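Asks: Provided below for reference: sequence and predicted model.
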Amino acid sequence: MAKIVFEGQSREVPDGTRVFETCEDLGMPFGCTEGLCGTCRCSVVSGMENLSPLNAKEQDMDMDEGERLACQCTIKSGTVEFTIG
Ligand code: FES
């Protein structure tokens, strides 16, 4: 099992799960869910190594180190903590 943490709340999910549904459940804002609008742009507080590599849409967004689009990444295993801003 893997664990997703956002704003002090957490959920356990199976390894290999897209983080979108869980982060939305925990209150993270989403828009397009297609990697286009940037609404779900977030910072990874810890556990970046537990996420899938940046995909092409995330690379196109020209994000800073430690940032991800929550609608585009998958948690491989372990714990990942996200924050907004
Ligand atoms: S919700 Fe639009 S980029 Fe993720």
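Replies: Structure received. Residues are numbered from 1 along each chain as shown.

Asks: Spatially central residue for this structure, please.
Replies: residue 70 (3.2 Å; C-alpha atoms, centre = their mean).

Asks: I'd guessed that residue sits against residue 82; true?
Replies: Yes: contact criterion C-beta atoms under 8 Å: residue 70 and residue 82 qualify, at 6.5 Å. No exception for glycine: its C-beta is placed from N, CA and C like everyone else's.

Asks: Overlap of the contact sets of these two?
Replies: 19, 23, 28, 42 (C-beta atoms under 8 Å, 6 or more residues apart in numbering).

Asks: Let's see if you can find the most crowded of those.
Replies: Most neighbours among the shared contacts of residue 70 and residue 82, by other C-beta atoms under 10 Å: residue 19, with 28 neighbours.

Asks: Show the model's pLDDT score for that one.
Replies: Note on residue 19: pLDDT of 97.

Asks: Ok, residue 64 next?
Replies: 88.

Asks: list the contacts for it?
Replies: Residue 64 touches nothing, counting by C-beta under 8 Å, 6+ apart.

Asks: State the distance from it to the ligand.
Replies: Computed as C-beta to the nearest ligand atom, to the nearest Å, the residue 64 to the ligand distance reads 15 Å.

Asks: same question, residue 40
Replies: Counting by C-beta to the nearest ligand atom, the gap from residue 40 to the ligand is 3 Å.
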